[in-house]
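> return atomic coordinates for the entry below.
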Amino acid sequence: MREVVTADEMKALDHNTIQKAGLPSLVLMERAALKTVEEIMQRLKDRGKEKILVVCGTGNNGGDGLAIARLLHLQGIRTWYYVAGKEERMTAETAGQLRTAEYYQVPRVHNLKSDEYTTIVDAIFGVGLSRPVEGKYAELISAMNQTSAYKVAVDIPSGIDSDTGFEKGIAFQADLTVTFAFRKRGLCFYPGRMYGGEIIVADIGIYPIPGEKICMHHLEQRDLEMLPERVPYGNKGTFGKVLLVAGSEGMCGAAYLSAAAALKSAAGMVKIQTVEANRIPLQTLLPEAMVTCDFDEKKNQEMFDWCDVAVIGPGLGTSAQSRERAQWFLSEAARCKKTVILDADGLNLLSVHESWKRFIGEHVILTPHIGEMSRLCGKGISEIQDCLAQTAADYAKESGAVCILKDACTVVADASGEMYLNLSGNAGMATAGSGDVLSGVLAGIQCMYLAAEKKLSPVMLAALGVYVHGLAGDQAAGKVGQRGMTAGDIIRFLPEILR
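Numbering: from 1, shown residues only. Take a look at the predicted model:
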């Protein structure tokens with residue numbers, strides 16, 4: 001699990017390291033340059049033929065760039081640097097790096113011809129950019145982008161907003177970004193993540209401030225080690241029972257996908273409560289699941305008492321009958337605080353029934369995509385896209401639930417302000433039924449921890465489910481490609497990830 005920071009948080013962490021931990025800024029700059037050079041050197045194909053240009057701004061990002069140029073030059077790599085901007089505007093650290101580069105006779109160019117170089121290093125703006133890139137800087141970045149050279153960004157591609165990932169006018173299109181200490185939010189959200197290319201987080205000696213918590217994180221491959229071992233003496237009841245309130249007439253597919261995903265994600269038993277028209281198709285498609293079409297007070301109570309986790313909504317529809325089904329189970333879950341995953345039509349029903357908000361709390365996981373979130377919170381889609389993390393955090397705080405706001409970079413938030421950005425998954429997962437699969441995976445992950453000695457917070461469990469879902473999508477994309485991928489392919493590769 002790794003921290004993700006905003007520009008302001010990074011500035012505070014940097015300041016704390018320099019002023020309180022006593023590590024001079026020039027030492028940090030030198031470490032940043034060394035780490036970047038190390039990554040560049042690993043990727044050089046023929047050192048004798050390399051011609052590297054480092055384009056430096058006048059802020060501290062430019063100072064990193066000047067140090068990078070010097071270190072490459074001293075290792076015998078043909079390297080030049082170009083200063084974009086007026087020298088009198090340089091920070092003290094960058095001016096010092098310029099003097100050091102001149103002392104070691106690193107070649108400088110004044111007329112940029114970027115097509116002459118095999119590698120171009122962007123050290124123009126860094127994380128401090130606060131306005132759109134225009135004029136000569138825009139022309140410079142455009143020229144750098146048009147070259148066929150391998151492109152490296154220092155900390156973050158110039159022109160990318162370090163908090164939102166938005167392109168501010170124009171942005172450098174990197175093949176590799178070496179970012180320092182922590183991943184920046186703008187390298188998680190699109191299009192910043194796309195502009196960053198391969199992203200390396202380099203340790204340069206800046207760490208969290210003692211006693212202060214960074215609220216945003218992302219999971220990584222080694223976090224799968226958190227998944228508990230399967231108890232060797234357990235039975236199907238031990239490993240969790242999922243009740244799926246799903247499917248309306250002609251909509252059994254969503255129920256099937258969610259139920260199949262729950263079973264493939266280690267749930268011991270799954271029961272689908274659906275309409276009679278779906279019984280035969282579901283029993284045929286998924287004989288491992290139980291199917292019931294009963295809906296009365298006694299049978300509902302028996303089903304609810306039986307389950308450990310309830311999933312409400314996939315393919316449910318919004319008819320009066322669907323509304324009655326959803327409300328009964330949602331209200332009962334609120335009474336006894338049993339875990340509920342509210343998805344799809346469950347969310348649509350919530351958005352039009354204000355009184356249902358009393359059923360929502362910390363026991364509920366909400367899984368809206370942007371359109372569903374728009375209906376829930378009353379914001380426009382573009383407004384939500386402009387502030388995904390804040391929207392998820394605000395709705396989690398308002399509702400008390402864990403909110404999974406689904407997008408190319410999914411945000412998982414809880415009422416306390418803890419957040420996770422998901423970096424697994426790919427564009428092939430933008431396909432019908434993918435969200436239904438996620439609801440089943442979330443249920444399966446919940447079930448895994450019923451008998452586990454070590455418990456995780458609800459928000460981390462949700463983040464883990466989103467991450468596993470994305471990894472299965474990545475595995476599927478690797479086997480069948482993104483264009484023809486289906487939700488069923490994601491289910492097929494869940495065991496590969498969990499193994």
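
> tell me the contacts of the most centrally placed residue in the chain?
What sits nearest the mean C-alpha location of the chain, by Cα atoms, centre = their mean, is Asn422, with 2.3 Å. By Cβ atoms under 8 Å, 6 or more residues apart in numbering, Asn422 lies in contact with 218-219, 409-412, 463, 466-467, 470. C-beta coordinates here come from the backbone N, C-alpha and C atoms, glycine included.

> if we use 6 Å, what do you get?
Counting by Cβ atoms under 6 Å, 6 or more residues apart in numbering, Asn422 makes contact with 410, 466-467, 470.

> relative to Cys307, which of the residues you listed is nearest.
Val466 (21.9 Å; Cβ to Cβ).

> if we can go back for a sec, which of the contacts of Asn422 fall within helices?
466-467, 470 (DSSP state H).

> the stretch 351-499 of the chain: helices as residue ranges?
Assigned by DSSP state H, counting those that start in this stretch, the helices in the stretch 351-499 of the chain fall at 370-377, 381-386, 388-399, 434-448, 458-480, 487-498.

> so which of those is the most surrounded?
Mean neighbour count (mean count of other Cβ atoms under 10 Å) peaks for helix 434-448 among those, with a mean of 28.

> neighbouring strands of the helix or strand hosting Val311 in the sheet, and parallel or not?
In the assignment (DSSP states H and E), Val311 maps to strand 309-312. Applying DSSP bridges, strand 309-312 is found paired with strand 241-245 (parallel), strand 339-342 (parallel).

> sorry, back to before: look at the residue nearest to the residue nearest to the centre of the chain when sequence neighbours are not counted and say how many residues are nearby.
Nearest residue to Asn422 in three dimensions, chain neighbours excluded: Thr410, at 4.2 Å (Cβ to Cβ, 6 or more residues apart in numbering). By other Cβ atoms under 10 Å, the residues close to Thr410 number 25.

> which residue ranges of the stretch 51-200 of the chain form strands?
Taking DSSP state E, counting those that start in this stretch, the strands of the stretch 51-200 of the chain run over residues 51-56, 78-83, 119-123, 150-154, 176-180, 183-184, 198-202.

> and the ones in helices among the contacts of Asn422 as TSV, adding distance to Asp386 and pLDDT?
Formatted as TSV, the ones in helices among the contacts of Asn422 follow (distance: Cβ to Cβ, whole Å; pLDDT from 0 to 100):
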residue	distance to Asp386	pLDDT
Val466	22	98
Tyr467	25	98
Gly470	23	98
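
> closest one of these to Val109?
Proximity to Val109 was ranked across these by Cβ to Cβ; first place goes to Gly470, at 43.3 Å.

> just the mean pLDDT for stretch 260-269, thanks.
Averaging pLDDT along stretch 260-269 gives 97.

> measure it end to end?
Stretch 260-269 has an end-to-end distance of 11 Å (Cα to Cα, to the nearest Å).

> again, but for stretch 356-364
Stretch 356-364: ends 12 Å apart by Cα to Cα.

> starting at the chain centroid, how far to that stretch?
Relative to the centre of its chain, stretch 356-364 is centred 25 Å away, using Cα atoms, centre = their mean, to the nearest Å.

> ok, and what's touching that stretch?
Stretch 356-364 is touched from outside by 330-331, 334, 337, 339-340, 342, 350, 399-401, with contacts defined as Cβ under 6 Å, 6+ apart.

> and the furthest pair within the residues you listed?
Maximum pairwise distance in those, criterion Cβ to Cβ, is 17.7 Å, between Lys337 and Leu350.

> who has more neighbours out of the two?
More neighbours surround Leu350 than the other of Lys337 and Leu350, with 26 against 11 (other Cβ under 10 Å).

> and the host helix or strand of the more buried one, C-alpha only, in PDB?
Assigned by DSSP H and E, Leu350 belongs to helix 345-352. The C-alpha atoms that make up helix 345-352 are tabulated as PDB, following Å, rounded to 0.1, in the frame of the first residue of the first chain:
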ATOM      1  CA  ASP A 345     -30.800  -0.400  -9.700                       C
ATOM      2  CA  GLY A 346     -30.400  -0.400  -5.900                       C
ATOM      3  CA  LEU A 347     -28.700   2.900  -6.300                       C
ATOM      4  CA  ASN A 348     -31.200   4.200  -8.800                       C
ATOM      5  CA  LEU A 349     -34.000   3.400  -6.300                       C
ATOM      6  CA  LEU A 350     -32.100   5.100  -3.500                       C
ATOM      7  CA  SER A 351     -31.700   8.200  -5.700                       C
ATOM      8  CA  VAL A 352     -35.500   8.700  -6.000                       C
END
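
> what is that helix packed up against?
For helix 345-352, the elements it packs on are helix 320-336, helix 370-377, judged by 3 or more Cβ pairs under 6 Å, 6 or more residues apart in numbering; DSSP states H and E.

> now the residue nearest to Asn422. Its backbone dihedrals?
phi -70, psi 140 (degrees, to the nearest 10).

> in the stretch 51-200 of the chain, what residue spans correspond to helices?
Along the stretch 51-200 of the chain, counting by DSSP H, counting those that start in this stretch, helices occupy 60-74, 92-103, 135-146, 192-196.

> tell me which of these sits most buried.
Ranked by mean neighbours (mean count of other Cβ under 10 Å), the helices of the stretch 51-200 of the chain are led by helix 60-74, with a mean of 26.

> give me the residues contacting that helix.
With Cβ under 6 Å, 6+ apart as the test, helix 60-74 has contacts from 29-30, 32-33, 36-37, 52, 54, 56, 79, 81, 91, 93-94, 97-98, 101, 104, 106, 123, 125-126, 154.

> got the angle for that helix vs strand 51-56?
Orientation check (axes from the mean of the first three to the mean of the last three Cα atoms, to 10 degrees): helix 60-74 against strand 51-56 gives 160 degrees.

> could you check the angle strand 176-180 makes with helix 60-74?
Helix 60-74 runs at 120 degrees relative to strand 176-180, counting by the same axes, to 10 degrees.

> so which of the helices and strands packed on helix 345-352 comes closest to Gly22?
Here helix 370-377 is closest among the helices and strands packed on helix 345-352 (Cβ to Cβ), at 45.1 Å.

> for the closest one, list the C-alpha coordinates in PDB.
Extracted in PDB, the C-alpha atoms of helix 370-377 (Å, rounded to 0.1, in the frame of the first residue of the first chain):
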ATOM      1  CA  ILE A 370     -20.600   8.600 -12.600                       C
ATOM      2  CA  GLY A 371     -24.100   8.600 -14.000                       C
ATOM      3  CA  GLU A 372     -25.500   7.000 -10.900                       C
ATOM      4  CA  MET A 373     -23.500   9.300  -8.600                       C
ATOM      5  CA  SER A 374     -25.000  12.300 -10.500                       C
ATOM      6  CA  ARG A 375     -28.500  11.000  -9.600                       C
ATOM      7  CA  LEU A 376     -27.500  10.400  -6.000                       C
ATOM      8  CA  CYS A 377     -25.800  13.700  -5.200                       C
END
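
> please name every helix or strand in contact with it.
helix 345-352, helix 381-386.

> count of neighbours near the nearest residue to Asp345 once chain neighbours are set aside?
If the residues on either side of it in the chain are set aside, Asp345 comes closest to Leu316, at 4.0 Å by Cβ to Cβ, 6+ apart. Leu316 has 28 neighbours, counted by other Cβ under 10 Å.

> I'm done for today, thanks for sticking with me.
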